[in-house]
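**Q** return atomic coordinates for the entry below.
(one chain, ligands or ions: 1)
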Amino acid sequence: MKKIAIIAHDGKKPEMVNFLNRNLEKLKKVELVATGTTGTHVENTGLKTDKKLSGPIGGDAQIAALAAEKKLSMILFFRDPLGKHPHEPDVQMLMRICDVHNIPIATNPATAQLLLDAFFKD
Ligand SMILES: O=C(CO)COP(=O)(O)O
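**A** Numbering: from 1, shown residues only. You can find the predicted model right below:
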């Protein structure tokens with residue numbers, strides 16, 4: 001089964017939840033993995049997800065490891081460009097690993113929608 005990773009910074013969690021609710025039917029058809037607090041929000045929509053550690057304590061790094069192992073179809077990362085994040089090096093590492101391994105990564109809701117629509121077009 002295809003696996004999609006969901007990550008959201010705190011300032012973008014409401015937008016992430018709106019996105020999930022608009023795309024529930026599609027997202028029910030794939031396996032989801034998420035960073036810890038994001039995962040709790042994902043579960044509150046009724047979707048199931050494999051919850052990793054919270055971002056600041058290693059969750060982004062765990063998602064990056066899955067990307068490096070080519071176990072992810074895409075990453076939907078609702079980044080907050082206006083926030084300060086103690087684990088910014090992990091965020092940069094995640095994006096770099098995606099580029100190294102050519103894993104699609106959306107970093108805002110508009111791109112996330114385009115990626116998801118493309119993924120389910122057939
Ligand atoms: O910090 C994050 C992304 O960098 C997300 O972590 P949480 O889902 O645990 O809030």
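
**Q** so residue 35 touches residue 63, yeah?
**A** Yes: Residue 35 lies in contact with residue 63 (C-beta atoms under 8 Å); the separation is 6.5 Å. Just so you know, the C-beta spots here come from the backbone N, C-alpha and C atoms, and that holds for glycine as well.

**Q** need the residues touching each of these two.
**A** 7, 52 (C-beta atoms under 8 Å, 6 or more residues apart in numbering).

**Q** biggest helix in this structure, by residue count?
**A** Looking only at the chain and at elements set by DSSP state H, the helix with the highest residue count is helix 88-101.

**Q** all the helices of this protein, residue numbers only.
**A** According to DSSP H, the chain carries its helices in the segments 13-22, 24-27, 36-44, 59-68, 88-101, 109-119.

**Q** so which of those helices gets nearest residue 53?
**A** When the helices of the chain are compared by C-beta to C-beta, helix 59-68 sits nearest residue 53, at 4.2 Å.

**Q** quick one: residues contacting the residue in the chain that the ligand sits nearest to.
**A** Taking C-beta to the nearest ligand atom, the ligand has its nearest neighbour within the chain at residue 55, 2.1 Å off. Going by C-beta under 8 Å, 6+ apart, residue 55 touches 7, 9, 35-38, 85, 87, 90-91.
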